[in-house]
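Student: Okay, predicted coordinates and the sequence, questions at the end:
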Amino acid sequence: MDSSLAGNPFLWAFLAGASFGLALFSLLRECRRGSRIVPFMVLLSLTVAFAACGAVFAGKRILDVTLAWFSGISAILVLAAFRFPRAAGIPLAAIALAAAGIIAVFAADFSPIPADGFVARMEAAPSAAAQGAAKAAAGNPPSPVLVEISRPGIPAFSVTLPDGTIEPVAQVVEFSDAYFFMRAHGLYRWTGYRTGGMFVKLKVQSFVSGLFWGYEAADPHVLPGIAFRTVSVRGAGFQFLRSYELTMGADGALSLTERR
């Protein structure tokens, strides 16, 4: 098990709640039948084991009151799903599958925030740099600069900066620990950049992610446990014959620094 996942208290709260819900279902069924309560005791022991794992791997975070609510709701939903399979079980399964599908489609437009922070490298094309440097030295207004952008897993491409400046803009999504099933809790997408008084898009978003960002425009916290942000970094005039790195911190903040 991934260490970051093992340290997520919501994982253990869910497992403890789900096993407790199953234990209650087993107890109700066995009492109705008048049979032994061995399965109930086994499931109850499993609940205690999951709670103990949470205390070991998550430490003091397991004492958060929110986890008690999360675990209790998990227990109620599991109990309802097994006790009333047609009235509650099937609808809950359908809702869970639909939610998982929507989140998967939405997340497909994004990438995990890189561990090393590297997003892209930008450098002026030699010919454009030479012409721009000559004009700058002569005291003329800055001319358009052709910049090559290299990103991991994507073929390098070139863009033209009318005034020699660039302001990268990205969309960041942060999932709370309650979404323990997510591969990454911080996702980003470099959507475009501002230059010469205009905004240039780099990627067209899907309908699903566009719908999410429509909600974000009204309230960045409209969906429980999910925060939406648009971040940018203002770059100074692009220095000719030099290259820059666009990086993103773990908190989603962008930085544009000269590459040495």
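Tutor: Noted; the coordinates are in hand. Numbering: from 1, shown residues only.
Student: what stretches of the stretch 51-200 of the chain score poorly on pLDDT?
Tutor: 125-143 (pLDDT under 70).
Student: Which parts of it are helices?
Tutor: Assigned by DSSP state H, counting those that start in this stretch, the stretch 51-200 of the chain shows helices spanning 65-83, 90-107, 126-137.
Student: S26 versus A52, what's the distance?
Tutor: The gap separating A52 from S26 is 21 Å, by Cβ to Cβ, to the nearest Å. Glycine gets a C-beta too; all of them are placed from N, C-alpha and C.
Student: Do me a favour and get the end-to-end distance for stretch 169-183?
Tutor: Using Cα to Cα, to the nearest Å, the span of stretch 169-183 from its first residue to its last is 24 Å.
Student: hang on, the earlier thing: which of A52 and S26 has more neighbours?
Tutor: S26 (19 against 13; other Cβ atoms under 10 Å).
Student: which one is E148 nearest to, not counting chain neighbours?
Tutor: Leaving aside its sequence neighbours, E148 sits nearest to S158 (Cβ to Cβ, 6 or more residues apart in numbering; 5.0 Å).
Student: Same question for E167.
Tutor: Distance criterion Cβ to Cβ, 6+ apart; nearest residue to E167, sequence neighbours excluded, is R194 at 4.1 Å.
Student: How about F110?
Tutor: In space, not counting the residues next to it along the chain, F110 is nearest to L187; the distance is 3.8 Å by Cβ to Cβ, 6+ apart.
Student: What residues of stretch 187-202 count as buried?
Tutor: Within stretch 187-202, the residues that count as buried by 16 or more other Cβ atoms under 10 Å are 187-195, 202.
Student: closest to R259 out of the helices of the stretch 51-200 of the chain?
Tutor: Each of these has some distance to R259 by Cβ to Cβ; the shortest is helix 126-137, at 14.4 Å.
Student: A23 and L43 touch, don't they?
Tutor: Yes - between A23 and L43 there is a contact at 3.6 Å, judged by Cβ atoms under 8 Å.
Student: tell me the domain boundaries of this structure?
Tutor: Domain assignment for the chain by automatic domain parsing gives 3-83, 112-259.
Student: Pipe those into a markdown table and attach distance to I102 per row.
Tutor: A markdown table is the format used below for the domains of the chain (distance: least, Cβ to Cβ, whole Å):
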| stretch | distance to I102 |
| --- | --- |
| domain 3-83 | 19 |
| domain 112-259 | 6 |
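Student: Tell me which of those domains lies nearest to I90.
Tutor: domain 3-83 (8.6 Å).
Student: chain center to that closest one: distance?
Tutor: Relative to the chain's own centre, domain 3-83 is displaced by 27 Å; criterion: Cα atoms, centre = their mean, to the nearest Å.
Student: Distance of the residue nearest to F110 relative to I37?
Tutor: For L187, the distance to I37 - Cβ to Cβ - is 45 Å.
Student: still on that earlier bit, ok, A23 and L43, which is more surrounded?
Tutor: Ranked by neighbour count (other Cβ under 10 Å), A23 and L43 place A23 first, with 23 against 20.
Student: in what helix or strand does the more buried one lie?
Tutor: Element membership for A23 (DSSP states H and E) is helix 9-33.
Student: what angle sits between that helix and helix 65-83?
Tutor: Here helix 9-33 points in a direction 40 degrees away from that of helix 65-83 (axes from the mean of the first three to the mean of the last three Cα atoms, to 10 degrees).
Student: Packing partners of helix 9-33?
Tutor: Contacts defined by 3 or more Cβ pairs under 8 Å, 6 or more residues apart in numbering; DSSP states H and E place helix 9-33 against helix 38-58, helix 65-83.
Student: Pull out the buried residues from it.
Tutor: For helix 9-33, burial by neighbour count (16+ other Cβ under 10 Å) applies to 9-27.
Student: cool, and stretch 38-47?
Tutor: Within stretch 38-47, the residues that qualify as buried are 39-40, 43-44, 46-47, counting by 16+ other Cβ under 10 Å.
Student: Hmm, S158 and L146 touching each other?
Tutor: Yes - when contacts are counted by Cβ under 8 Å, L146 is listed as touching S158 (5.7 Å).
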